[in-house]
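K.L.:
When you get a sec, could you give me coordinates for this:
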Amino acid sequence: MHRRRFLTLASGALVGIGGCTSRDTRTVDTTTDDPTETESGVIDALSGNDSGGSDDADDSPDIVVNSHELVTTQEQYRKSAAVLAMMENVGPSPSGGIRVTARFFDEDDNPLDVATEYLIGLNPGERWKAYIPYYDDGSDVASHELEAAFQVDPLPRVPEGIDLLESQLDTDGVEAELTGQLRNVGEEQFDYLKAESKFYADETTVLTSNYASTTNLAAESEWSFTVTYLPYDEEWASPITDSELHVVDSPY
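P.N.:
Residues are numbered from 1 along each chain as shown. Below you'll find the predicted structure:
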């Protein structure tokens, strides 16, 4: 059985990315379908699907799903399940936030659970090696459905009024920690600030993003932050080689 869902949203908001799933009883379930027409009439080829953007948006980011698979691992007391998805920005400009949702089903096609992961965005040519876990025992998981959408406009690296004083990435195997300090050099209080970092396995492969936040940072005050990376599953993890920091003045 194959499920496909294509999200078409207004330009400037979240733009849908095509996705599909397959069912298999093997430990690793890999999707390698030929292009198939979706319910909305859009052709979904995972190596180059239509992102839902307008035809004249030549300078916009374009996020495609290159592959996704359901993987299960027998542990000592339980079986873990997750979807591994590879997404890439094949457009000429950075994207905004990317949201990917995996829906898990049993062998009778009954829904089991839903899990969502978020990435702050991808630069041109970057790939996101997303890991979307099933949080309970995965013994009954037989298939999955993938949905993804992204924001066209990227978030600013540092908002006006904020001075990034320092940052440092420390790694230990497949774990990493980005520490830093910033200062409010403006005349007004920042009600909310979020230091959000992407963590890289190599120059173009992003594993995840995570953040630390603070509230009510007064003018001329400083904030020391720590953003951590802990992999969901070390079997599918990679050592961290680099990071990219964004400072955001909104929780959304």
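K.L.:
which regions of the stretch 151-252 of the chain sit below the pLDDT cut-off?
P.N.:
Within the stretch 151-252 of the chain, no stretch falls below the threshold (pLDDT under 70).
K.L.:
ranges for the strands of it?
P.N.:
162-172, 175-184, 190-200, 205-217, 222-229, 242-248 (DSSP state E, counting those that start in this stretch).
K.L.:
What are the contacting residues of the last one?
P.N.:
I take that to be strand 242-248. Residues outside strand 242-248 that contact it (CB atoms under 8 Å, 6 or more residues apart in numbering) are 120, 155-159, 162, 164, 167, 169, 176, 178, 180, 182, 193-200, 203, 211, 227. (Each C-beta comes from the backbone N, C-alpha and C, glycine too.)
K.L.:
these two touch, right, Ser167 and Glu177?
P.N.:
No. Under the criterion of CB atoms under 8 Å, Ser167 makes no contact with Glu177, lying 11.1 Å away.
K.L.:
show me the contacts for Leu230.
P.N.:
Contacts of Leu230 (CB under 8 Å, 6+ apart): Glu175.
K.L.:
Use 250 as the first number for this chain going forward.
P.N.:
With the count now opening at 250, the last piece we talked about shows up as Leu479.
K.L.:
Just give me the neighbour total for the closest residue to Gly429 other than its chain neighbours.
P.N.:
Leaving aside its sequence neighbours, Gly429 sits nearest to Ser416 (CB to CB, 6 or more residues apart in numbering; 3.4 Å). Ser416 has 16 neighbouring residues, counting by other CB atoms under 10 Å.
K.L.:
What about the spatially closest residue to Leu413 that is not a sequence neighbour, how many residues nearby?
P.N.:
Leaving out its chain neighbours, the residue that sits closest to Leu413 by CB to CB, 6+ apart is Leu431, at 5.0 Å. Counted with other CB under 10 Å, residues neighbouring Leu431 total 24.
K.L.:
before we move on, what about the one 4 residues further on?
P.N.:
Residues near Gly435, counting by other CB under 10 Å, number 15.
K.L.:
Also Glu493?
P.N.:
Glu493 has 18 neighbours, counted by other CB under 10 Å.
K.L.:
and if you look at Tyr326?
P.N.:
For Tyr326, using other CB under 10 Å, the count is 6.
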